[in-house]
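Peer 1: Only the shape, not the letters, is given here:
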Ligand SMILES: [Zn+2]
């Protein structure tokens, strides 16, 4: 009889599909078709959310008002990624930041590009660099780059 526990180490890959819902669909459609970034505005606290929220997480009321935000914004904070991983959209080094788009009060997480990573600073003004061939995802924006 064997008393040692045998542990098998493996990896599984799980393909999946996930509906982005009514609000997510409108958000991604506008990125793809019109290169516009839309948000929703709470009728009670007036907070503007992007990506859009269907219900205010602070007031718990339904949100029905849509407002266009950006395209420019302010880089609130960022980190530089210096290692490679299969899930990364581009090879390192690259920066990921939180961008507060003009007229929005929440942050959008995205890549920061068009500049050497050493030149990136919190507080810098940025604008989206849209891809020519867009498919309806957040990566229809290649990255946010410094405003000249
Ligand atoms: Zn609210």
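Peer 2: Now that the structure is in, tell me what you want to look at. In this text the structure is predicted, and so the values were computed from the model without any measurement. Numbering: from 1, shown residues only.
Peer 1: mind checking pLDDT for the residue most central in space within the chain?
Peer 2: By CA atoms, centre = their mean, the chain has its centre lying nearest to residue 109, at 3.8 Å. As predicted, residue 109 sits at a pLDDT of 96.
Peer 1: same check, this time on residue 53
Peer 2: For residue 53, the model assigns a pLDDT of 95.
Peer 1: where's it, which helix or strand?
Peer 2: Here residue 53, judged by DSSP states H and E, is contained in no helix and no strand.
Peer 1: And for residue 27?
Peer 2: Using DSSP H and E, residue 27 sits within helix 21-34.
Peer 1: so when I look at residue 86, I'm seeing a helix, right?
Peer 2: No. Going by DSSP: H, G, I helix; E, B strand; the rest coil, the assignment for residue 86 is coil, not a helix.
Peer 1: which ones are touching it?
Peer 2: Contact analysis of residue 86 by CB atoms under 8 Å, 6 or more residues apart in numbering lists nothing. Just so you know, the C-beta spots here come from the backbone N, C-alpha and C atoms, and that holds for glycine as well.
Peer 1: Find me the pLDDT at it, would you?
Peer 2: On the pLDDT scale, residue 86 gets 85.
Peer 1: Residue 97 in helix, strand or coil?
Peer 2: Residue 97 ends up strand, using three-state DSSP.
Peer 1: how about the nearest residue to the residue nearest to the centre of the chain, chain neighbours excluded?
Peer 2: Using CB to CB, 6 or more residues apart in numbering and skipping residues adjacent in sequence, the residue nearest residue 109 is residue 98, 5.7 Å away.
Peer 1: who's in contact with that neighbour?
Peer 2: 75-78, 107-109.
Peer 1: Name only those of those residues that count as buried.
Peer 2: With neighbours counted by 16 or more other CB atoms under 10 Å, the contacts of residue 98 contain buried members at 75, 78, 107-108.
Peer 1: nearest to the ion, of these?
Peer 2: The ion has its nearest neighbour among those in residue 107, at 16.6 Å by CB to the ion.
Peer 1: Bridge partners for the nearest residue to the closest one once chain neighbours are set aside, pull those for me.
Peer 2: Once flanking residues are discounted, residue 107 sits nearest to residue 98: 3.7 Å by CB to CB, 6+ apart. Applying DSSP bridges to residue 98 gives these bridge partners: residue 77, residue 109.
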